[in-house]
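> Starting from these lines, generate the structure:
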Amino acid sequence: MTPPGWHPDPGHSGKGPAQERWWDGAQWTGHVRASPGAARRRWIRVGVGVTVGAVVLAAVGGGVYLLGEDDRGRPDTAASSPSAPADRPGSPDGDEKDGEGDGGNGDGPGGPLPPTEPGYATDLAAGISLPVPEGWKGTSGAVGAGLTTGQHPCPGDTEETCVRGGVFSAPAAAMKLTAATPEAAAKKDIALNAKESYGGKSYGKITSHEELKSEAVTVAGGKGYVVRWKVVTEKGDDGYVESLVFPSPASKGMLVVVRSGFDINDDAPKLSVLDEITRGIKAASGAGGGTGGAV
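Next comes the predicted model:
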């Protein structure tokens, strides 16, 4: 079953900019928008070399671009750990306003907002929820979800803001990542993840890397694959990057990509936190199929 969300418009003629149409879980609706790559947006930088702007995707930077409200899509919701206040990203200018984390009770083009479970950030399209570690910020979306912590000026461009740790999810197709298996997809994605997380002007080029992990893993009840690198950067801290790919617990045939990037710094999260996040990934509430936990 294809989950509700924005998908390539099956009726698009191919002429003009690509567009997406809202699928409400049962039928195509009349709501359309420009595809993420074709739409112009304003962004704030809050990633490990990641540009993010509130929620949804565009495959870049240690994870995904998260679209803001200016795409006229379904508003996003934010989840946070029990000890931290829930924040709702504000205007497309990047201003944030305090919110109550309404649990996804508002209305959007296809109905209610993505479900917000306490302590989780939900990627509705992928059908998964990411556990939000204590002190981190979690952001849910119709397509894509993210976890971030430790904002600081980017070492290569101090006018921009980076984070010490970032974890972002999206369906593989939404990131234009094509591969037949989770292993092939993870091995294909890791170099792009590294380049976009630490290879841009925020950290300078990557001078070398070391593979730390390349192995099968079970996530949310599905057999996936994970690849982890340690990268040496030209400017600022070095980092760890990881590409994790596994089958969606909600949609047969869909692969989900979870990109992560952690600075190597005393103020950055330990790698054990990344392992805990992976073990805690589960099927989103109501998505059906699969259970939490990674082996």
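
> In the stretch 101-250 of the chain, what residue spans correspond to helices?
182-198 (DSSP state H, counting those that start in this stretch).

> if I look at I277, how far off is V258?
8 Å (Cβ to Cβ, to the nearest Å). Yep, even glycine has a C-beta here, placed from its N, CA and C like the rest.

> Same check on L192?
14 Å.

> likewise S285?
As for S285, its distance to V258 is 18 Å (criterion: Cβ to Cβ).

> Who has more neighbours out of these two?
Per other Cβ atoms under 10 Å, whichever of S285 and V258 has more neighbours is V258, with 29 against 13.

> so who does the more buried one touch?
Residues near V258 by Cβ atoms under 8 Å, 6 or more residues apart in numbering: 130, 167-169, 242-246, 278, 281.

> now do 10 Å
63-64, 123, 126, 128, 130, 145, 147, 167-170, 186, 189, 219, 224, 226, 242-246, 277-278, 281 (Cβ atoms under 10 Å, 6 or more residues apart in numbering).

> Can you tell me how far the residue nearest to V219 when sequence neighbours are not counted is from E276?
Counting by Cβ to Cβ, 6 or more residues apart in numbering, F246 is the residue found nearest to V219 once chain neighbours are left out, at 4.2 Å. Look at F246 and E276: by Cβ to Cβ, they are 17 Å apart.

> quick one: which of these two has more around it?
Each of F246 and E276 has its neighbours counted (other Cβ under 10 Å); F246 has more, 30 against 14.

> in terms of contact, does the more buried one touch A283 like I think?
No - in this structure, F246 is not within contact of A283 by Cβ atoms under 10 Å, at 11.3 Å.

> For the residue nearest to V219, which residues are in contact?
Listed by Cβ under 10 Å, 6+ apart, the contact set of F246 reads 126, 128, 172, 182, 185-186, 216-226, 255-258, 278, 281, 290, 294.

> in this structure, which helix or strand is least confident?
strand 87-89 (a mean of 28; mean pLDDT, DSSP states H and E).

> re the thing from before, which among the contacts of F246 end up buried?
Buried members of the contacts of F246, counted by 16 or more other Cβ atoms under 10 Å: 126, 128, 172, 182, 185-186, 217, 219-222, 224-226, 255-258, 278, 281, 290, 294.
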